[in-house]
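Peer 1: Pasting the sequence and the predicted model now:
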Amino acid sequence: MCGIAGIIYRGGDGGHRIGRDMTAMLQSMKHRGPDSTGYALYRAPTPELLLRVKLGDSGDAESFQFGEDIRRRRRELMSALTAAGASTKGVEDVNEYTISATLDYHGDLKHLADHIESVHGLEVLSLGHSLEIVKDLGDARKVSGEYRLENYFGSHGIGHVRMATESDVDIANAHPYWAYPFSDVAVVHNGQLTNYHTWRRRLEARGHRFASDCDSEIIAVYLADRMAGGESLEDAMHHSLEDLDGVFTYICVSEDALGVAKDELAAKPLVLYEGEDMVALASEEMAIRAVIDHEIETYDPYESTVMVWTR
């Protein structure tokens, strides 16, 4: 079933408690997906790169070798960053299997990400000047507490609660997905692409690679690829409704925008609120009401709809 949500604050000065608000929205939809929770959160852009790397999976934590493997991978990560030409300006051990780093790097993101993932067991969760992806097993309250998101300030973000139906319950299959190797683009999605394999082959032929078998990742890379060719986010999303088949609703975020698209059947629910100071949207209205303490009016966008807001 799953649930998706997003917020963008008008004015976008990066001073809003996006972590707290996204957690409230996602926790209210726990019944739609108790297996894992994920966030794509945006701060004010920085000259440095923000890197999030997964060194292992929380499901492996009871393994005798887990701690030793993580320490080795951390050392190899530092070597890979140096070999790629990146200098580390700050490193944080978020938990025993996740690292956050600030990098001084001016080269190609694909070159950097490939160097990192050449280390067995490492996965780049996100890489950009304002995007940070956080995802793990459990509900939103659990994940927010572990990653200290209550006081995460930013301008916009999206989130996902997952009920695993066709793949393992692990971080690799949790959403959102970064649009590797494009900076600051991520997607959450509710539904199914019926031409997933066709588009995966096409995008792989263009040199892209995928970290999962999830169709949400296909949407992210598809959009970012079109944007890299000069299209706006809105134009790329309109093209997606022509090219991607299936029943789906998705939310896409970039460094300065948030957009939503619904397919021509509009079978997957999405409720939208537009206020003077913020736009909020979610699979259920109760998620929006979890962050707004006054009377509001919401509506459900029509079929084949694309809407985009900037911060």
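Peer 2: Done, it's in.
Peer 1: pretty sure M25 contacts G19?
Peer 2: No: look at M25 against G19 with Cβ atoms under 8 Å: they stay out of range, at 11.1 Å. All C-beta atoms are positioned from the backbone trio N, CA, C, and that covers glycine.
Peer 1: So between the two, which is more surrounded?
Peer 2: M25 (30 against 22; other Cβ atoms under 10 Å).
Peer 1: check which helix or strand covers that one.
Peer 2: helix 18-28 (DSSP states H and E).
Peer 1: Could I get the CA-only coordinates of whichever helix or strand comes after that helix as CSV?
Peer 2: Sequence-wise, the next helix or strand downstream of helix 18-28 (DSSP H and E) is strand 36-42. Extracted C-alpha coordinates of strand 36-42, given in CSV (Å, rounded to 0.1, in the frame of the first residue of the first chain):
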residue,chain,number,x,y,z
SER,A,36,10.6,1.2,6.7
THR,A,37,10.5,5.0,6.6
GLY,A,38,12.5,7.4,4.4
TYR,A,39,13.1,11.1,4.0
ALA,A,40,14.7,13.3,1.3
LEU,A,41,15.4,16.6,3.2
TYR,A,42,16.7,19.9,1.7
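Peer 1: Offset the numbering so it begins at 18, please.
Peer 2: With the count now opening at 18, the last piece we talked about shows up as strand 53-59.
Peer 1: quick one: the strands in the stretch 118-267 of the chain?
Peer 2: Here the stretch 118-267 of the chain has its strands, by DSSP state E, counting those that start in this stretch, at 140-145, 148-154, 173-179, 194-195, 203-210, 263-270.
Peer 1: which residues touch the residue nearest the centre of the chain?
Peer 2: Note on the chain: the residue nearest the mean C-alpha position is P193, at 3.2 Å, using Cα atoms, centre = their mean. P193 makes contacts with 55-57, 150, 152, 175-177, 203-205, 233, 237, as judged by Cβ atoms under 8 Å, 6 or more residues apart in numbering.
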